[in-house]
Every structure is written in C-alpha cells, then in structure tokens.
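> sequence first, predicted model second:
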Amino acid sequence: MIDVELLRAHPERLRASQRARQADESAVDRALEADTARREALTAFETLRAEQKAFGRRVAKAAKDEKAALVSQVRELAERVKQAEAAARDADETFQAALRGIPNLVLAGVPEGGEDDYEVLREVGERTTFDFEPQDHVALGERLHLFDLERGAKVSGTRFYYLTGWGARLQLALLTMALDQAVANGFTPMITPTLVNPEIMRGTGFLDSHADEIYYLPADDQYLVGTSEVALAGYHAGEIIDLSKGPQRFAGWSTCYRREAGASGRDTRGILRVHQFDKLEMYVYTTPEDAAAEHQRLLAWEEEMLAKIEVPYRVINTAAGDLGSSAAQKFDTEAWIPTQGCYRELTSTSNTTTFQARRLGIRYRPEPGGPTTPVATLNGTLATTRWLVAILENHQQADGSVVVPDALRPYLGGLEAITPED
RNA sequence: GGAGACGUCGCAUAGUCUGGUCGAGUGCACCACCCUGCUAAGGUGGAGUCCCGGGUUUCCGGGACCGAGGGUUCAAAUCCCUCCGUCUCCGCCA
C-alpha cells in the first residue's frame, strides 16, 4: 500500500510511476478524491459522536426521574450518529480500495516500459558450448531417471512430475546447500505454511497482479502459496518488530504452487514451468533507508549460489511494467540454457520498500520509545526446482552423463557425476 | 467429531453476573527524575496503537480500538449472535 502522505504531498511522483508501469494514471486522482471525501465524512461522524458521548455523560449523572426525559432527547441524535458512522465507513472503504489500486512507487533507475524493456546489467561466464549435440533437460533427465513426467501427468495432470532417484537427491542437495549458505549469512531457517488466509495473501499484493496464478480452496477460504514469501511476510503481520540489531533475515523452505493460467502452450516440456515446485527463499525485514543496499546484498547472495552451480548467467533490471504490484524494483538472474539458446530466469529479488509492510501492518521504532513507522521488506530466490534444468543442460557430457558441480558434491555423498548406468 | 472453560494495554491479572463516572485498576518489566557512597532497596512521575482537525521537531482538541465481525441500547470490555484462536476432557486415528 502506498503512503497516504506521499499521495497527498507528491501525487505527481505517483503519476510518473504509473506512466513508467504503463498503468492507469487516473487511479492517483481517484484516490486523492476518495481521501478528501473520506476525511469529510469522518469529521462529520466524529463531531456527532463527540456530542453524543457528552450527552451520555449527562445521562449517567442525572437524577433518576430526569433520565427518561434526557434519553428521549438523544434518540434522534443517536440515529444521526449511526447514519454518519455508516457514511464514514463507506467513504473509508472506497478510499482504501482506491489506495489499494495503486501499485508501489517504482524506484529511480528502473527502466520504463513492459516485459521486453529490461536492462541487462551484466553477463557472467561464457555461454556453454559443446563439441557434440547437446540434449535438453528432458532427454537427460529421462535417460538418467531423474524425474518421471509421464506418471506425474497420469497422477496429477500436465505440469506435474515426480523427482526420482538422483533427481530427488539433487533437489534436496541444492536446497540444502542454499539453506547452509543462508544460515552462514545470518538467516533464520524457516519451514513455512503453504496454505494461508486471505488477508495475508492480499497483504502481499499477489491478489492484485497475480490473482489468476494462485490456487484457491473455496471450501476453506484459503490460498496455496506460490512462494514462501507470502508466509514469511505474514509472519510479522500486525507487529511492531525490533530492528535495532539490524535486519531480520529469514530463509524459507517450502513447496510452491502456481496455476500458470496465462502460460498454456509455453514451456510445456519438462520441469521448467510446473504447477508445483520447491524453493528456498530469502525474506528480509529492514529499515527503509537500508532497503536498497539490502537489495544489492540479496542479489549478491543469489549470484554466489549461481557461482556454486557453475552456470553462465546474466542479471537484468526488470522494467517497471513487468514488476509485481508490490515491487519497487526487481532484479532477475537468468541462466543460460544451451538447448534453448537463451537465458531463463532462475532467481528474482524484489525490493518491496514499505508497500507490503503497510498492508500487513508491520512497523518498527527508529528511536527507542519513539513513534512507529513501516519497515521495508525484500525477497529473493536462493534455489528452486528449475535450477536442475540449468545444472543438467550446462554440465552434460558427450556420453549422456552429467558432472556434479564441486560445491554440490558434499551434499550428494561425494558423487562426481550422474551417469546412465546408475 | 462431541462437551466445557477461556481470549482485557509487553507479560501476568482485576473489571463482565448487577451496561453509564472504564481506554480500563493492580503486580512485574520498561523510561525519566529523586534519594541512597556506588549492578540491592525506596520515592515521584511517565508510558499503548491507529485515524481526523489545529499548531507545527518533542503540543492541544476530537474519534476509534478490551480476539474478529455483526446486533440490542440514549449508552457495551460488560448483554445477544456468528466466526477465529487457546486450553481441558471424551471419541477417533496413529
């Protein structure tokens, strides 16, 4: 949620932000109007309510035989209070809805435009080349019995899969390595709920821009999370937290569920785009002043992981129009996928500034005993099931085996390569 | 799944039967100051969150908030309903 003070004092900044996102500028003015209407309605109600309370005190103090007369006098006032309260509530709901309709203010440095207007910040590593015809991850995985797509489809439908044998172990190894790295950097490991209540899902902003991506269970009025970011954001909802000892960093391990509603026909092969996968996610609560620096740290930790799996990648600065409603800036890292001849997203780190925290009511005290103010929150990927695609394709050998990157070997009992004979 | 008890200001509790002077007492913790020759004890005061208006760095006035949401009433922490959560017992499954 946008800061109301910002809306009132600098609506032009929000209009510019909306333009950069290729979103509706008039939403800003509707929110401003709704704010004015809400304040008028609130003042009207509060004036009447104060009158009523003053009268109530007189009734309480009055002698018994006078009470009936006084009470009959305020009946009509009580009715007006009730109406004014309803009007104030309606005006507030209108305002809240208008405010929620405005996505986060994009930061300076975010490229304007849509999905294809990203800026490439750097490319790291040489694009992998082979002196043989490389196989795609599906062929490799099936040959090495790392996953079973056919039976995944039989049991759960398209975009579902079983990880089997070394495939299952490879995922566990990868996520465990990610968790170890996070812990070494001061993150608190968390295994989070994957089913959350509506107010938490709404608070993270996913119901705005990604609503059709989310599984919903009507019988229970709950949502399946598409990332543990949701549960980690909700963790401190409604709380005043302590940031005096620095940022609070959490590493969430969870299964993630996505409907992939708008992606029919895209990436239908293999485990690149699936309805269910596992992820290790970083989530940070920090001060608004520190958020940009923390964002760089999250990106650096992501790149540290990519270095460990030894795949070429690039880093992009996502364009404004491709940001989620909560994000003020987003960096993706994309690994080179040899058989596709392009880079594919492996990690994504967003600075959501105070946007999520405002919606979820998460504050801190900059000064001990001083007033509260919303915290800033950030998130970033450290490993997902999809990483297996990049590992398999980039480390494949002419004989169909896949060399295990050095850093992963300790997590696989020292295994150096996955070979067809296994 | 059945029965019951409970949910109050950081923690622990009072207040609910008998609606009004209760945004709410007490203890502990906390902050400031005082006192005591010093990591004890004592004294005084302060202190919740959010919103609106005015003044504008630490102020004043008003409103909301006693798990959440409805209702009754001139008036609700207090009465009624629904939901959520916690605990205890029973059943069921391990």
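Now that the structure is in, tell me what you want to look at.
> let me see the contact set for the residue nearest to residue A:319 when sequence neighbours are not counted.
Leaving out its chain neighbours, the residue that sits closest to residue A:319 by CB to CB, 6 or more residues apart in numbering is residue A:117, at 3.8 Å. In short, each C-beta sits where N, CA and C put it, glycine included. Taking CB atoms under 8 Å, 6 or more residues apart in numbering as the contact definition, residue A:117 lies against A:111, A:319, A:321-322.
> what do you get if the cut-off is 10 Å, keeping everything else the same?
The contact partners of residue A:117, by CB atoms under 10 Å, 6 or more residues apart in numbering, come to A:20, A:22, A:110-111, A:317-322.
> again, but for residue A:91
Per CB under 10 Å, 6+ apart, neighbours of residue A:91: A:34-42, A:44-45.
> which one of the residues you listed sits closest to residue A:340?
residue A:34 (46.9 Å; CB to CB).
> count the neighbours of the closest one for me.
By other CB atoms under 10 Å, the residues close to residue A:34 number 20.
> ok, now residue A:369?
Neighbourhood size, residue A:369 [other CB under 10 Å]: 5.
> OK, contacts around the residue in the stretch 251-400 of chain A that RNA strand B sits nearest to?
Nearest residue of the stretch 251-400 of chain A to RNA strand B, counting by CB to the nearest atom of the strand: residue A:372, 3.7 Å away. The neighbours of residue A:372, taking CB under 10 Å, 6+ apart as the test, are A:240-241, A:361-366.
> and it, how far is that from residue A:95?
22 Å (CB to CB, to the nearest Å).
> give me the element residue A:250 is part of.
strand A:248-257 (DSSP states H and E).
> so what secondary structure elements neighbour the helix or strand just after that strand?
Scanning forward in sequence from strand A:248-257 by DSSP H and E, the next helix or strand is strand A:276-286. Strand A:276-286 sits against helix A:166-184, strand A:188-191, helix A:229-235, strand A:248-257, helix A:291-309, strand A:342-351, strand A:376-384, helix A:387-394, with contacts defined as 3 or more CB pairs under 10 Å, 6 or more residues apart in numbering; DSSP states H and E.
> what about the ones you listed, which gets the closest to residue A:421?
Checking these against residue A:421 by CB to CB gives helix A:166-184 as the closest, at 11.8 Å.
> residue A:119 is in contact with residue A:318, correct?
Yes: using CB atoms under 10 Å, residue A:318 is in contact with residue A:119, at 8.5 Å.
> so what sits against both of those two?
In contact with both residue A:318 and residue A:119: A:110-111, A:331, using CB under 10 Å, 6+ apart.
> how about the residues of chain A near RNA strand B?
Within chain A, the positions near RNA strand B by CB under 7 Å from any atom of the strand are A:4, A:39, A:42-43, A:45-47, A:49-50, A:52-57, A:59-60, A:67, A:71, A:74-75, A:77-78, A:81-82, A:240, A:363, A:369, A:371-372.
> CA atoms only for whichever helix or strand residue A:359 is part of, dumped as CSV, please.
Residue A:359 is part of helix A:355-360 when elements are defined by DSSP H and E. The C-alpha coordinates for helix A:355-360 follow below in CSV (Å, rounded to 0.1, in the frame of the first residue of the first chain):
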residue,chain,number,x,y,z
PHE,A,355,4.4,-1.5,0.4
GLN,A,356,3.8,-4.9,1.9
ALA,A,357,4.6,-3.7,5.4
ARG,A,358,1.9,-1.0,5.2
ARG,A,359,-0.7,-3.5,4.1
LEU,A,360,0.3,-6.1,6.7
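> got the contact list for the helix or strand just after it?
Of the helices and strands lying after helix A:355-360 in sequence (DSSP H and E), the nearest is strand A:363-364. With contact meaning CB under 10 Å, 6+ apart, strand A:363-364 is reached by A:236, A:238-244, A:248, A:285-288, A:354, A:357, A:371-376.
> show me the strands in the stretch 1-150 of chain A, by range?
A:119-124, A:147-148 (DSSP state E, counting those that start in this stretch).
> most neighbours per residue, which of those?
Mean neighbours per residue, mean count of other CB atoms under 10 Å, is largest over the strands of the stretch 1-150 of chain A for strand A:147-148, with a mean of 22.
> if we can go back for a sec, would TSV of the strands of the stretch 1-150 of chain A with mean pLDDT be doable?
Shown next, in TSV, are those (pLDDT from 0 to 100):
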stretch	mean pLDDT
strand A:119-124	97
strand A:147-148	96
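> can you list these in CSV and add distance to residue A:259?
Shown next, in CSV, are the strands of the stretch 1-150 of chain A (distance: least, CB to CB, whole Å):
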stretch, distance to residue A:259
strand A:119-124, 30
strand A:147-148, 21
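> just the buried subset of the contacts of strand A:363-364, please.
Buried members of the contacts of strand A:363-364, scored by 16 or more other CB atoms under 10 Å, are A:236, A:241, A:243, A:248, A:285-287, A:354, A:357, A:374-376.
> what residues are up against the residue of the stretch 51-200 of chain A found nearest RNA strand B?
Taking CB to the nearest atom of the strand, RNA strand B has its nearest neighbour within the stretch 51-200 of chain A at residue A:60, 2.9 Å off. Residues near residue A:60 by CB under 10 Å, 6+ apart: A:67, A:70.
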